[in-house]
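Colleague: With the sequence up front, the predicted model follows.
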2 protein chains.
Amino acid sequence: MNEKEISEVNRDFQKGLYTGISVFILLCVVGRSKEPIYGYQIAKIIEKDNEDIPIIKLGTLYPVLRSLEKNGLLESKVDPSVTGPPRRYYRITELGNQTLVELRKTWQRATTFIDSIMIGAENGK
Amino acid sequence: MNEKEISEVNRDFQKGLYTGISVFILLCVVGRSKEPIYGYQIAKIIEKDNEDIPIIKLGTLYPVLRSLEKNGLLESKVDPSVTGPPRRYYRITELGNQTLVELRKTWQRATTFIDSIMIGAENGK
């Protein structure tokens, strides 16, 4: 037997969980933004109230955004910035919005399922 | 651009999500069971009301159970079966129970976070 620290198991779980839902998180954040939004702004929204949890690192965020654009769920354009390098602004497409509706159903089904087995787990203790 | 079907994106999301939480699901199911429980019984509990979703395939379930035992979160013993091959029965350990408490907090924090960004996404539509 090779006992793992509880914190290590929890960290692995957290990492796997947020990796599994990163596409959903980014679609939600871009989808709810009234204006086109760039990577660093997205990261700030995700970090808000979650500074101690590395939900999506910046290095992961950009490739996921590019992949969502490649698949037609987001679109982007580059705008020059007065104060720094040009920024790529993202907005959700109609296909992205339709997809988000389905992902939301999948998420809600998963949480309902987990709630049902967690209630049992609490009773079993 | 390489548009993906909505159903394909959703299937990928669902797969990544359930893969990311498989350890949590199995700990919950074994943890809530009053009696030691074997793989096929666990699979049946998970499949209940979810027959159309491959949450955890049997081929994935057994390696995860073994890994949880190796890490000291579950323990098992083999009992001969009257009607078939011997069965390996799992029960949760004290370390497993302590870990489950932490994973549950991580899960609840993630759902609170997703709820907060989903509400924003609904308002933005």
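Modeller: In hand now; what should we look at?

Colleague: Looking at stretch A:89-97 now, give me its mean pLDDT.
Modeller: Averaging pLDDT along stretch A:89-97 gives 97.

Colleague: which of the residues in stretch A:46-57 are buried?
Modeller: A:46, A:50, A:53, A:55-56 (16 or more other C-beta atoms under 10 Å in any protein chain shown). In this view, the C-beta of every residue, glycine as well, is placed from N, C-alpha and C.

Colleague: how about it, does it reach chain B?
Modeller: Yes: residues of stretch A:46-57 are located near chain B by C-beta under 8 Å from any C-beta of the partner chain, namely A:46, A:49-50, A:53, A:55.

Colleague: And for residue A:19, the neighbour number?
Modeller: Other residues near residue A:19 come to 17 when the count uses other C-beta atoms under 10 Å in any protein chain shown.

Colleague: do residue A:111 as well
Modeller: Neighbours around residue A:111, by other C-beta under 10 Å: 15.

Colleague: Then residue A:34?
Modeller: 8.

Colleague: Check the one 5 residues further on too.
Modeller: Counted with other C-beta under 10 Å, the neighbours of residue A:39 add up to 17.

Colleague: Can you pull the phi/psi pair for it?
Modeller: As for residue A:39, its main-chain torsions (degrees, to the nearest 10) stand at phi -50, psi -50.

Colleague: quick check, nearest of the residues of stretch A:46-57 next to chain B to residue A:94?
Modeller: Relative to residue A:94, the closest of these is residue A:46; by C-beta to C-beta it sits at 23.9 Å.

Colleague: List the contacts of the closest one.
Modeller: By C-beta atoms under 8 Å, 6 or more residues apart in numbering or on different chains, residue A:46 lies in contact with A:25, A:29, A:55-56, A:61, B:117.
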